[in-house]
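Student: quick one, what's the 3D model for this:
(2 chains)
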There are 2 protein chains.
Amino acid sequence: MQQKLISPRKLPGFWELEPEKQIGFNDMLRKIESVFVNNSFYPLDTPVLELSEILLAKSGGEIDKEVYAFSKGDTSMCLRYDFTVPLARFVAANYNNLEFPFKRYQIGKNYRGEKPQKGRWREFYQCDADIIGNEELPLVADAECVKLYDECFTSLGFDVVVEVSNRNLLYGLIEDCKDLEKANDIIVLLDKFDKIGEENLIAGLKGLGIANTGIKKYIEAIKIKGEIEDVKTKLMKLSKNETYLKAISELEELDTYLKAYSCTNYVFNVGIIRGHNYYTGTVFEAYLKNYRSFGAVGGGGRYENLAGYFTDKKLPGVGMSIGLTRLYDLLSQSDLLPKTKQNPFDVYIIPLGDYTTECVEICAQLRKNGIKSEVAYDNKSFKSKMKTADRREIPFVIIVGENEVKSKCYSLKNMSTGEQENLNLEQIISKLK
Amino acid sequence: MQQKLISPRKLPGFWELEPEKQIGFNDMLRKIESVFVNNSFYPLDTPVLELSEILLAKSGGEIDKEVYAFSKGDTSMCLRYDFTVPLARFVAANYNNLEFPFKRYQIGKNYRGEKPQKGRWREFYQCDADIIGNEELPLVADAECVKLYDECFTSLGFDVVVEVSNRNLLYGLIEDCKDLEKANDIIVLLDKFDKIGEENLIAGLKGLGIANTGIKKYIEAIKIKGEIEDVKTKLMKLSKNETYLKAISELEELDTYLKAYSCTNYVFNVGIIRGHNYYTGTVFEAYLKNYRSFGAVGGGGRYENLAGYFTDKKLPGVGMSIGLTRLYDLLSQSDLLPKTKQNPFDVYIIPLGDYTTECVEICAQLRKNGIKSEVAYDNKSFKSKMKTADRREIPFVIIVGENEVKSKCYSLKNMSTGEQENLNLEQIISKLK
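Tutor: Numbering: from 1, shown residues only, chains lettered A, B, ... in the order given. Take a look at the predicted model:
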């Protein structure tokens, strides 16, 4: 090559796993997908690119600096930054052909041009499951989404706790305290409690001009956490506001459904608020039981109307999400990844001499019997191939040399014990199966 | 909503399936993936976006009008249009950490801003499997790629025929006829034989100034098709050129390995040329046995050097590809799609009265036993829910009313026979399992 070489690098902040690790990542992804499928969610696979007019409907077409937006010809388009707007577009466009409640999952990559930093990726996998109703959607749907976490994390080998609340508890209190005009600012501040602590929260609320009685009530509320009976008793002392009482009864109903689903890994926590403004009822966040310091590994909630920008049909929904790239990253950093095979095969068939064809025949038979096998067909020396098998920790090696080909009995070597046996193909298959 | 509604549409030429069909599509994708995994290919999942400098290395940075390219900040980037350049980038960057031959598969979406037309999509799934060697790669790797088609299409329920050739046959003849300077133009023309017919091909070759003896030889060659012995006999009559003879012996060796893999669904066809210039040896195309009019449903071949733009290591490779979106599209248009379930569940549990909680309990038990179930928890009438079950052709309905809840015996209705039985939960589970 005479030309100057180009340094082979990927875009900064973009995720790419080594092939050995990708096996484990895919395994996690499939497990989550199986849970969605077993719970009767339909798959949906929307395009990665959407019209800017659609994707930026919420912001009136204004391009958030984190969104990857560009034009091709006359068309302005964006890379999706989540699955919610594409879902809204899809449901609005296919309203007449869908059965409601419409349950769909989507697993795939989303794009946000954030500053690359630890734990923040510009391309990342999300696993979303949402249930959309037509005009109305019973609360049992919220319970379905909450208990998906239980199943997903159990299948991944982790204990999860879903912390559940209802945003209308806080709205009820805010109504009570006549702070409605400042509702959003209050909610945003309360959401920061865990991060900034009580003192700063009080100062912040004072700064908004909230009366002391209000401040006391809000803080008392967001500290309430526990089983339904306990939480209800504590909540009932704070207000008799109508919105508030309805939220309490929704928590109770949700609790009934969760118990009916035999879901036990949840707790009510009024401090769960979720930043997004579009949540309008149940909200929840999922935490790993023994690793709460990871922060939420998933979250979601109920929204009043999915697709108001695209249709005048009222489409209430509830959804849950798991940030798989972030989860994998956290587990990896803490050395908590489920142990998976590093090699895509268990048996390495090594020719001793010019016996590649014979090795291929054996390999084909083993694979047919579901035994993951590979022929060492590169031109390295026999010794070097044995070393490879050792270094890669491949459990079994079959050696195929002149004697083996003549006798049709092959040396099967157990690489961990060093044990070696001469067996015919049938015996090898029955031994390895 | 007071605001003006935005029409919920996707970008033209972008693929999106209805959820019922997506079930079948995913099923096909998983089957292909299983074949790759069972044949010991590593998964690789490169980013959708790449640096323009990398993705456009081949064209010296010039942006092909079909590539989606844009800038964000100072960075010029593109959406990938295939998996080959990202693979080259990956292997060059990770050369020291990879075991060679490196076998990887990648299944995902690629992007080409072609004019939308029948069968052409701007976002489409490809399923690629490649084997990369370090400095050298034995021919058995080519056989592995060819026989993957056999396994993939068998698992999809179709008979495939892979038509195999070696580009050096034509290069040998071109050397023989001293047409080397016009080699590319000749190859491009010969590749069009099927489309333009013999008369136009002759005229075209004459137009290039090729002598009649050459024209005769080229056309005679590309008509040769059959089993190895027959093809060899015919080829041996045309030339004794060294490149040419080496290509024949490679076909023979390939044939030996394919037989060793018990692969039978292939034929040699010297008319298989493949447009891409980077193929340098074995080339192949896959056709559905009974639907050759679909054209090739996959193709690939051997390339001398994968990553010459990124490294001075010589990395020969061989790869195969299936265009899954195109395949699905063709099968769908001809009503040939494998029949799959349209519903994500088989049992619909309908409350007759206020018994959603009891239905949820039953549903949880059924799902635990692997029976795909769903509660009809929307607020429609009982009658309307029964109609839904009928319209959606859900095989079984369980009715849960007052008597059922009291007796803990539920009506299980077989929707195709109309048969109805009163069974307890245990009986229902053992019946449906």
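
Student: could you find the closest non-adjacent residue to A:Asp194?
Tutor: Spatial nearest neighbour of A:Asp194, chain neighbours left out: A:Gly271 (7.2 Å); criterion: Cβ to Cβ, 6 or more residues apart in numbering or on different chains. C-beta here means a position set from N, CA and C on the backbone, and glycine is covered the same way.

Student: how near is that neighbour to chain B?
Tutor: According to Cβ to the nearest Cβ, to the nearest Å, A:Gly271 stands 28 Å off from chain B.

Student: just say helix, strand or coil for that residue.
Tutor: Secondary structure, DSSP: H, G, I helix; E, B strand; the rest coil: A:Gly271 is coil.

Student: contacts only, for it.
Tutor: A:163, A:165, A:190, A:193-194, A:222-225 (Cβ atoms under 8 Å, 6 or more residues apart in numbering or on different chains).

Student: any chance of the residues you listed in a markdown table, plus pLDDT?
Tutor: Below are these laid out as a markdown table (pLDDT from 0 to 100):
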| residue | pLDDT |
| --- | --- |
| A:Glu163 | 98 |
| A:Ser165 | 98 |
| A:Leu190 | 95 |
| A:Phe193 | 94 |
| A:Asp194 | 90 |
| A:Ile222 | 97 |
| A:Lys223 | 97 |
| A:Ile224 | 98 |
| A:Lys225 | 98 |
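
Student: low-confidence ranges, chain A, go.
Tutor: A:1-3, A:60-63, A:276 (pLDDT under 70).

Student: count the residues that sit near the residue of the stretch 101-250 of chain A found nearest chain B.
Tutor: Among all residues of the stretch 101-250 of chain A, A:Val140 sits closest to chain B, at 4.7 Å; criterion: Cβ to the nearest Cβ. When neighbours are counted by other Cβ atoms under 10 Å in any protein chain shown, A:Val140 registers 25.

Student: over to A:Tyr278?
Tutor: If you count neighbours by other Cβ under 10 Å, A:Tyr278 ends up with 15.

Student: that one reaches A:Tyr303, doesn't it?
Tutor: Yes: assessed by Cβ atoms under 8 Å, A:Tyr278 is found in contact with A:Tyr303 at 4.8 Å.

Student: can you pull the contacts of the residue of the stretch 101-250 of chain A closest to chain B?
Tutor: If a contact means Cβ under 8 Å, 6+ apart, then A:Val140 has A:257, B:356, B:360, B:375, B:377 as its contacts.

Student: swap the cut-off to 6 Å and go again
Tutor: Each residue near A:Val140 by Cβ atoms under 6 Å, 6 or more residues apart in numbering or on different chains is listed here: A:257, B:356, B:377.

Student: mind listing the strands for the stretch 301-433 of chain A?
Tutor: A:317-323, A:347-351, A:373-375, A:396-400, A:409-414, A:420-424 (DSSP state E, counting those that start in this stretch).

Student: tell me which of the ones you listed approaches B:Lys433 most closely.
Tutor: Relative to B:Lys433, the nearest member of the strands of the stretch 301-433 of chain A by Cβ to Cβ is strand A:317-323, separated by 28.7 Å.

Student: counting by contacts, list what that closest one packs against.
Tutor: Applying 3 or more Cβ pairs under 6 Å, 6 or more residues apart in numbering or on different chains; DSSP states H and E, one finds that strand A:317-323 makes contact with strand A:123-132, helix A:140-156, strand A:298-303.

Student: what pairs with A:Ser76 across the strands?
Tutor: Beta-bridge pairing for A:Ser76 (DSSP bridges): A:Ser71.

Student: was I right to think it contacts A:Glu50?
Tutor: No: between A:Ser76 and A:Glu50 there is no contact under Cβ atoms under 6 Å: 10.4 Å.

Student: what about these two, which has more around it?
Tutor: A:Glu50 (22 against 16).

Student: which secondary structure element contains that one?
Tutor: strand A:49-51 (DSSP states H and E).

Student: list the contacts of that strand.
Tutor: Residues outside strand A:49-51 that contact it (Cβ under 6 Å, 6+ apart): A:77-78, A:80, B:11.

Student: rebuild those as CSV, extending it with neighbour count, distance to B:Glu20 and secondary structure.
Tutor: Converted to CSV, those look like this (neighbours: other Cβ atoms under 10 Å in any protein chain shown; distance: Cβ to Cβ, whole Å; DSSP: H, G, I helix; E, B strand; the rest coil):
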residue, neighbour count, distance to B:Glu20, secondary structure
A:Met77, 22, 27, strand
A:Cys78, 22, 28, strand
A:Arg80, 24, 23, coil
B:Leu11, 17, 23, coil
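
Student: which one of those is nearest A:Val318?
Tutor: Nearest member of the contacts of strand A:49-51 to A:Val318, counting by Cβ to Cβ, is A:Arg80, at 20.5 Å.

Student: contacting residues for that closest one?
Tutor: Per Cβ under 6 Å, 6+ apart, neighbours of A:Arg80: A:50, A:86, A:110.

Student: how about A:Asp27, nearest residue that isn't a chain neighbour?
Tutor: A:Thr340 (5.6 Å).

Student: so that neighbour sits right up against A:Gly24, yeah?
Tutor: Yes: the pair A:Thr340 / A:Gly24 is scored as a contact, 4.0 Å apart, by Cβ under 6 Å.

Student: up against chain B, what does the stretch 301-433 of chain A have?
Tutor: Residues of the stretch 301-433 of chain A lying close to chain B (Cβ under 6 Å from any Cβ of the partner chain) are A:308-310, A:312, A:344-345, A:356-357, A:360-361, A:364, A:374, A:377-379.

Student: so which of these is the closest to B:Phe90?
Tutor: Nearest member of these to B:Phe90, counting by Cβ to Cβ, is A:Pro344, at 16.4 Å.

Student: torsion angles phi and psi at the closest one?
Tutor: The phi/psi pair for A:Pro344 (degrees, to the nearest 10) reads phi -80, psi 0.

Student: what's the neighbour count on it?
Tutor: Neighbour number of A:Pro344 under other Cβ under 10 Å is 21.

Student: how about A:Lys406?
Tutor: 8.

Student: measure it to B:Val48 for me?
Tutor: Distance, A:Lys406 to B:Val48, by Cβ to Cβ, to the nearest Å: 53 Å.

Student: over to A:Glu374?
Tutor: A:Glu374 is 30 Å from B:Val48, by Cβ to Cβ.

Student: with A:Thr213 instead?
Tutor: 53 Å.

Student: out of these two, which sits in the busier spot?
Tutor: Remark: of A:Thr213 and B:Val48, B:Val48 carries more neighbours, 24 against 10, as counted by other Cβ under 10 Å.

Student: show me where the stretch 101-250 of chain A has its helices.
Tutor: A:140-156, A:167-176, A:183-191, A:193-207, A:212-222, A:228-236, A:242-260 (DSSP state H, counting those that start in this stretch).

Student: how about the second one: buried residues?
Tutor: If I follow you right, that is helix A:167-176. A:167-176 (16 or more other Cβ atoms under 10 Å in any protein chain shown).

Student: closest to A:Gly370 among the residues you listed?
Tutor: A:Arg167 (50.9 Å).

Student: quick one: residues contacting the closest one.
Tutor: By Cβ under 6 Å, 6+ apart, the contact list for A:Arg167 reads A:279, A:283.

Student: so A:Ser165 makes contact with A:Val283?
Tutor: Yes: judged on Cβ under 6 Å, A:Ser165 makes contact with A:Val283 at a distance of 5.4 Å.

Student: give me the common contacts of these two.
Tutor: Joint contacts of A:Ser165 and A:Val283 (Cβ under 6 Å, 6+ apart) are A:Ile272.

Student: what's the closest non-adjacent residue to the residue of the stretch 51-200 of chain A found nearest chain B?
Tutor: Closest to chain B within the stretch 51-200 of chain A is A:Phe70: 3.3 Å, counting by Cβ to the nearest Cβ. Counting by Cβ to Cβ, 6+ apart, A:Phe70 lies nearest to B:Phe70, which is 3.3 Å off, once chain neighbours are set aside.
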